[in-house]
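Novice: Only the shape, not the letters, is given here:
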């Protein structure tokens with residue numbers, strides 16, 4: 001397990017993500033659940049509490065997923081996030097069942113899947129593929145860090161993540177030594 005993350009969730013590599021989604025998760029529901037976390041940078045509670053109508057309409061998978069304000073950390077703003085094509089594929093394969101209110105129904109079809117149950121699912125998947133230091137927050141941190149490294153402006157990341165301020169958002173973003181070296185090398189004043 002990495003010990004230099006200062007208590008923050010591990011940022012996953014592309015290879016680790018592939019291993020998790022191909023062989024770690026054993027059912028379509030789990031790929032859809034954690035695909036939502038990874039491809040929308042949402043919190044696990046936000047994913048677990050989604051309603052079926054937040055993701056699907058009469059024609060299938062919507063173009064945007066709706067995260068209702070009552071299910072967000074601060075319960076202040078509803079937000080919509082575009083659905084990535086890979087996530088759309090996971091969602092097209094996963095079908096929660098006709099007439100199900102919650103996208104991820106809880107035990108015995110009552111309520112929604114609890115975040116602690118989702119955590120157990122992720123831990124089992126990580127154990128199957130030999131990953132350590134991963135938490136449900138790893139998907140969110142990975143998504144935000146990858147987008148940041150791709151040059152996506154902080155304001156856009158803030159809109160996607162639902163953070164109330166940039167200071168809170170910046171705690172999620174991992175900066176590599178290579179990025180620091182490239183930044184210093186950009187200083188050409190001669």
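Specialist: Everything's here; your move. For clarity, every value in this text was computed on a predicted model and none was experimentally measured. Numbers count the residues shown, from 1 in each chain.

Novice: Please make it C-alpha for all contacts and neighbour counts, starting now.
Specialist: OK.

Novice: Sticking with the residue nearest to residue 164 when sequence neighbours are not counted, tell me its helix or strand.
Specialist: Using C-alpha to C-alpha, 6 or more residues apart in numbering and skipping the chain neighbours, the partner closest in space to residue 164 is residue 158 (7.5 Å). Residue 158 belongs to helix 154-161 when elements are defined using DSSP states H and E.

Novice: same for that helix, what does it pack against?
Specialist: Judged by 3 or more C-alpha pairs under 8 Å, 6 or more residues apart in numbering; DSSP states H and E, helix 154-161 is in contact with strand 79-82, helix 136-149, helix 166-170.

Novice: if you set the cut-off to 6 Å instead, what comes out?
Specialist: When contacts are defined as 3 or more C-alpha pairs under 6 Å, 6 or more residues apart in numbering; DSSP states H and E, helix 154-161 packs onto no helix or strand at all.

Novice: so where do the strands sit in the chain?
Specialist: Here the chain has its strands, by DSSP state E, at 56-57, 60-61, 64-67, 79-82.

Novice: coming back round to it: how much space is there between the residue nearest to residue 164 and residue 148?
Specialist: According to C-alpha to C-alpha, to the nearest Å, residue 158 stands 11 Å off from residue 148.

Novice: Check residue 134 too.
Specialist: Distance from residue 134 to residue 148, counting by C-alpha to C-alpha: 20 Å.

Novice: swap in residue 42?
Specialist: To residue 148, residue 42 is 15 Å away according to C-alpha to C-alpha.

Novice: Who has more neighbours out of the two?
Specialist: Neighbours were counted for residue 42 and for residue 148 using other C-alpha atoms under 10 Å; residue 42 has more, 24 against 18.

Novice: ok now do the more buried one, which residues does it touch?
Specialist: residue 140 (C-alpha atoms under 6 Å, 6 or more residues apart in numbering).

Novice: Check what pLDDT it gets.
Specialist: With respect to pLDDT, residue 42 scores 90.

Novice: And for the residue nearest to residue 164, the neighbour number?
Specialist: For residue 158, using other C-alpha under 10 Å, the count is 17.

Novice: if you skip the residues just before and after it, what's nearest to the spatially most central residue of the chain?
Specialist: The structure's the chain has its C-alpha centroid closest to residue 37; by C-alpha atoms, centre = their mean the separation is 2.1 Å. Spatial nearest neighbour of residue 37, chain neighbours left out: residue 139 (5.7 Å); criterion: C-alpha to C-alpha, 6+ apart.

Novice: Around that neighbour, how many other residues sit close by?
Specialist: 27.
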